[in-house]
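Participant: quick one: sequence plus predicted model below, questions after.
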Amino acid sequence: MHHFEAVRSHLGSKYHLRHNDPYLISFDLALSKERHQGIYLAELEDESGRRYLRISTPIGPLAGTDPRRCLRFNWEQRVGFLAVTDLDGSPYLHLCENRPYELLSATELTRLIQELGTLGDQLELLVAAGGDEL
């Protein structure tokens, strides 16, 4: 997995891609109990030109979420961090992970997608319930 087209080809053979843009793809990851989680993959480039794959999944609206809890969550996580993006003009939490292509294999990509999708679904349920467990 040394570039975005390799990621697209690999995932396109496993999932039905909802978005299939030049540097963004998405699909629904099937989870247990008839639930699914949207997974988004995008290519990023840093100041030195090094390219990364961002894997993310939406969690819920930022409104009502304590930012300090989000920062604590980020500090305690081994994989994934919370970030905010704009969704239809409103701030929205995403669970994300950035990986350089040179460290990414098909097995690692599959593991990351499963781990982020499962954790993202659990966090989405907490946010939707209005709990402060986050």
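Facilitator: Structure received.
Participant: so which residue is smack in the middle of this structure?
Facilitator: Nearest to the mean C-alpha position of the chain, by Cα atoms, centre = their mean, lies Ser56 at 1.3 Å.
Participant: check which helix or strand it maps to.
Facilitator: strand 51-61 (DSSP states H and E).
Participant: what residues are up against Glu45?
Facilitator: 51-52 (Cβ atoms under 8 Å, 6 or more residues apart in numbering). C-beta coordinates here come from the backbone N, C-alpha and C atoms, glycine included.
Participant: and the strand holding Ser56, what other elements does it pack with?
Facilitator: The elements that strand 51-61 packs onto, with contact taken as 3 or more Cβ pairs under 8 Å, 6 or more residues apart in numbering; DSSP states H and E, are helix 4-12, strand 36-45, strand 81-87, strand 90-100, helix 106-129.
Participant: let's see 10 Å
Facilitator: helix 4-12, strand 24-30, strand 36-45, strand 81-87, strand 90-100, helix 106-129 (3 or more Cβ pairs under 10 Å, 6 or more residues apart in numbering; DSSP states H and E).
Participant: in that strand, which residues are buried?
Facilitator: Using 16 or more other Cβ atoms under 10 Å as the test for burial, strand 51-61 gives 52-60.
Participant: what about Ala63, neighbour count?
Facilitator: 9 (other Cβ atoms under 10 Å).
Participant: separation between it and Pro91?
Facilitator: 7 Å (Cβ to Cβ, to the nearest Å).
Participant: alright, that wraps it up for me.
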